[in-house]
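[1] with the sequence up front, the predicted model follows.
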Amino acid sequence: MALIYIFIFGSVVVFGLTAVAGLVWAVRTGQLRDFSAGATSIFDDDEPVGVMTDAFPAVDEAAAPTPPEEGPDSG
Amino acid sequence: MDKDTDTPYGMPEPSTVTWREGVDRSTAVVVMAFVASSVAWLLVGSGFALVASIKLHTPGFLGDWAWLTFGRIRPAHLNTVIYGWGSMAGIGVLLWLTARLCRVTLPFRLPLLVACVLWNVAVAGGTWSILAGHGTSVEWLEFPYHWSFVFAGLFAILMFSALTMFTRRRVSHIYVSQWYLLGSVLWFPFLYAQGNALIHGNLATGVVQASANWWFAHNVLGLWFTPIGLAAVYYLLPKILGRPIHSYYLSILGFWTLALFYNWAGTHHLIGGPIPAWLVTVGTVGSVMMFIPVTTVAINHHMTTKGHFDKLRISPTLRFIVFGAMSYTVVSFQGSLQALRTVNEVSHFTHYTVAHAHLGVYSFFSMVMFGSIYYIGPRLTGREWPSAALIKGHFWLTAVGMAMYWVGLTWGGWFQGLAMNNPDIPFMDTVLMMIPYLWSRTLAGVLMTIGHVVFAVSLWRIFWLRASDVKGPTLFDPSAAVTGGEG
């Protein structure tokens, strides 16, 4: 029984500590600086900002709009 | 902190085309196994849902078969869609997204495949037990307790795989989606183990068990489905549109405030119950504080998509993702308000709550998962989705079905609550009053189920179609999709 209580309260502590440790780590390693670079970190040279990466297969005429705009988008 | 498209595109990688394809392909077999299983469970869960729904307005339906009585079929529905559909689809998306965000190939593929098989066995076994009458009657944990050991082991494998990818990551910046994924994969296994130990270990009994139960059940949404869903939205929305998130600062703030507040909210399920008032108040405060993360997410999703809503016509994924993201805003604000005692005294124990639950798990989470699978599928298989019409059919059937479901039960449920609070109205009148609304739910359920069958057909064809039957993957190049259609 004591083991189960240790497990439960231990889990609670570990559970909370992961969040605290995560936040401390994020601050210390500079994760919370330079947000604009963070936002663009999922884009690459071949899938850059301004290019859509998804479309219906075999789009029919009615649904086909103008091709996506090139280059950075300012909207 | 605002979007600034002049900045460099994140981490410079020497051969960016090959890394992404390599990473996607490395996840293919495992992710396809989880996704295919999840959709199979979605179909099974939809069947259970329809039977349960019909029984509410036509009680004699299949009434002579003990295995299909409401008290068994309803938890069978809940557990198959939560542990079968939602969790397995979520794990598929989580593994793919983690590999992409960390830019590493998927490790431990064989153990993960075995985990997928065992996961199916556990869901099937647990569902069988529920239908046979051996459910535990603890909501969200109805599977007999021995299955929880299997799930705990499988969560450990999942956690280990995700953390291995994280430690091997080839990026220095942790994108916001990665934070959400880390949150879900680190916190939910703990939550699952604790919930099971407390409840099935008989450490929490009586009203304490109810408190533990709802703390657990609400956190399945808050620490498991919500972070995975938001991670997918935060990755796919900018990625599809080619626009960075409107305010990255707000997205990070949203993650940490969600981590801080969500896990307090569970006891709002027990408003009016025989538990200490302060415990309920804590849940109410936690729920209302959720306004902060939800507002950050709502602002970000809206402002990122603003001016580009016409692209919903081009992108299948975007339709589902935007529908899901909007639902997240609605369901979260609705949930915060529902946690207020004055609102809850009407909405509690009515169909209003059922509509709310489906708005969260279906309209938000499931729609985001559908969208994610539409994005992931061609990238895993190198093939195109077989038919745009099937995707559109899937979207409209489920979107209209869900809207109908929510409007009918929200409207009906509210009047049901008002009527039940009025001592002059006999209870039987309230029951009869609900029948039209319950029919609307069944009809909505039929639409959604047909949508799921359509989705399964699409999935079957992209996963198992012979390569010679398909045109080249046009999804990778939108201009090719626009000009090179086959009609």
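    Looks like it came in fine. Residues are numbered from 1 along each chain as shown, chains lettered A, B, ... in the order given.

[2] grab the longest helix from chain B for me.
    Across chain B, the longest stretch assigned as helix under DSSP state H is helix B:16-57.

[3] just checking, what packs against it?
    helix B:70-79, helix B:87-102, helix B:109-129, helix B:367-381, helix B:435-464 (3 or more CB pairs under 8 Å, 6 or more residues apart in numbering or on different chains; DSSP states H and E). Glycine gets a C-beta too; all of them are placed from N, C-alpha and C.

[4] what's the closest of these to chain A?
    Nearest to chain A, of all the helices and strands packed on helix B:16-57, is helix B:367-381, at 5.9 Å by CB to the nearest CB.

[5] what pLDDT, on average, does the longest helix of chain B get?
    Per-region confidence: helix B:16-57 scores 93 on mean pLDDT.

[6] now the angle from that helix to helix B:109-129?
    With axes from the mean of the first three to the mean of the last three CA atoms, to 10 degrees as the basis, helix B:16-57 and helix B:109-129 are set at 0 degrees to each other.

[7] gap between B:Gln338 and B:His269?
    10 Å (CB to CB, to the nearest Å).

[8] any buried residues in the helix or strand hosting A:Val20, and which?
    Per DSSP states H and E: A:Val20 is located in helix A:2-28. Residues A:8, A:11, A:15, A:18-19, A:22, A:26 are the ones in helix A:2-28 that count as buried (16 or more other CB atoms under 10 Å in any protein chain shown).

[9] on contacts alone, who are the packing partners of the strand or helix carrying B:Leu418?
    Assigned by DSSP H and E, B:Leu418 falls within helix B:388-421. With contacts taken as 3+ CB pairs under 8 Å, 6+ apart, helix B:388-421 sits against helix B:316-338, helix B:341-347, helix B:351-358, helix B:367-381, helix B:427-433, helix B:435-464.

[10] okay, these, which one's buried deepest?
    Most buried of these by mean neighbour count (mean count of other CB atoms under 10 Å in any protein chain shown) is helix B:367-381; its value is a mean of 25.

[11] tell me if that one is near chain A.
    Yes - Helix B:367-381 lies within reach of chain A by CB under 8 Å from any CB of the partner chain, at B:374-375.

[12] redo the buried residues of helix A:2-28 as a markdown table? Include distance to B:Ile314.
    Shown next, in a markdown table, are the buried residues of helix A:2-28 (distance: CB to CB, whole Å):
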| residue | distance to B:Ile314 |
| --- | --- |
| A:Ile8 | 51 |
| A:Ser11 | 46 |
| A:Phe15 | 43 |
| A:Thr18 | 40 |
| A:Ala19 | 39 |
| A:Gly22 | 37 |
| A:Ala26 | 36 |
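
[13] out of those, which are close to chain B?
    A:8, A:11, A:15, A:18-19, A:22, A:26.

[14] neighbours of B:Val207, how many?
    By other CB atoms under 10 Å in any protein chain shown, 14 other residues sit near B:Val207.

[15] dump the residue contacts of it.
    The neighbourhood of B:Val207, defined by CB atoms under 8 Å, 6 or more residues apart in numbering or on different chains, consists of B:273-275.

[16] next: A:Glu47.
    A:53, B:16, B:20, B:239, B:242.

[17] can we see that at 7 Å?
    Counting by CB atoms under 7 Å, 6 or more residues apart in numbering or on different chains, A:Glu47 touches A:Thr53.

[18] which SS class is it?
    coil (DSSP: H, G, I helix; E, B strand; the rest coil).

[19] next one: it from B:Phe455, what distance?
    From A:Glu47 to B:Phe455 the distance is 26 Å (CB to CB).

[20] and for B:Met433?
    On the measure of CB to CB, B:Met433 and B:Phe455 end up 35 Å apart.

[21] quick one: pLDDT of B:Trp414?
    For B:Trp414, the predicted pLDDT is 97.

[22] nope, A:Ala58 is what I was after
    Taking A:Ala58 on its own, its pLDDT is 58.

[23] so what's B:Ala259 closest to, chain neighbours aside?
    A:Ala19 (5.3 Å; CB to CB, 6 or more residues apart in numbering or on different chains).

[24] hang on, the earlier thing: what is the helix holding A:Val20 packed up against?
    In terms of contacts (3 or more CB pairs under 7 Å, 6 or more residues apart in numbering or on different chains; DSSP states H and E), helix A:2-28 is packed against helix B:176-200.

[25] the helix it packs on near chain A at all?
    Yes - applying CB under 7 Å from any CB of the partner chain, one finds that helix B:176-200 is in contact with chain A at B:186-187, B:190, B:193-194, B:197-198.

[26] pick the one among these closest to B:Met303.
    B:Trp187 (28.4 Å; CB to CB).

[27] how close does that closest one get to B:Pro75?
    For B:Trp187, the distance to B:Pro75 - CB to CB - is 25 Å.

[28] follow-up on the earlier one: okay, the helices and strands packed on helix B:388-421 in JSON lines with mean pLDDT and distance to B:Tyr83 next?
    Formatted as JSON lines, those follow (pLDDT from 0 to 100; distance: least, CB to CB, whole Å):
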{"stretch": "helix B:316-338", "mean pLDDT": "95", "distance to B:Tyr83": "20"}
{"stretch": "helix B:341-347", "mean pLDDT": "95", "distance to B:Tyr83": "27"}
{"stretch": "helix B:351-358", "mean pLDDT": "97", "distance to B:Tyr83": "16"}
{"stretch": "helix B:367-381", "mean pLDDT": "94", "distance to B:Tyr83": "14"}
{"stretch": "helix B:427-433", "mean pLDDT": "96", "distance to B:Tyr83": "32"}
{"stretch": "helix B:435-464", "mean pLDDT": "95", "distance to B:Tyr83": "17"}
